[in-house]
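Asks: no sequence for this one, just the structure:
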């Protein structure tokens, strides 16, 4: 497998991850550690919330998306990380038993003006459930090595 350099990434390129089943246990485990609000960790309290049942933390959903994204990368990717993202939205609650997948579409590529050995890639990222509902969306910003001369 050859590395995916900035030069290999084209506007319009779509990536789709494998599906991921979300379990009640992982929702509660993540939330207990990082976001212990009642509607994430207590089934009875969650039933009486505005959500009507247990839901995943938005940060858990974002973490699952990150895992799907990384699992979809080439093993030898020339990725250099990310300076951030824009417009993060949690649109539909994620519930136990949901099956999620991630879709990413490259919307912009540009070579860095200050670092010619690096390029910037923007993409629209969505996490979608089994009902074809977008549960999370954002615009990513990724940095990649350019192909060596």
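Replies: Happy to help now that I have it. The structure presented is a predicted model; accordingly, all values stated were derived computationally and were not measured.

Asks: quick check, residue 52 in a strand?
Replies: No. According to DSSP: H, G, I helix; E, B strand; the rest coil, residue 52 belongs to no strand; its state is coil.

Asks: got a list of what it touches?
Replies: By C-beta atoms under 8 Å, 6 or more residues apart in numbering, the residues touching residue 52 are residue 46. Heads up, the C-betas are built off the backbone N, CA and C, glycines and all.

Asks: and what of residue 88?
Replies: By C-beta under 8 Å, 6+ apart, the residues touching residue 88 are 62, 136, 137, 138.

Asks: backbone phi and psi for the nearest residue to the last one once chain neighbours are set aside, please?
Replies: In space, not counting the residues next to it along the chain, residue 138 is nearest to residue 88; the distance is 4.3 Å by C-beta to C-beta, 6 or more residues apart in numbering. Its backbone dihedrals place residue 88 at phi -70, psi 130, with angles given as degrees, to the nearest 10.

Asks: from residue 140, how far off is residue 88?
Replies: Applying C-beta to C-beta, to the nearest Å, the value for residue 88 to residue 140 is 10 Å.

Asks: chain center to the longest helix that the chain contains: distance?
Replies: Across the chain, the longest stretch assigned as helix under DSSP state H is helix 58-72. The chain centroid and the centroid of helix 58-72 are separated by 4 Å, computed with C-alpha atoms, centre = their mean, to the nearest Å.
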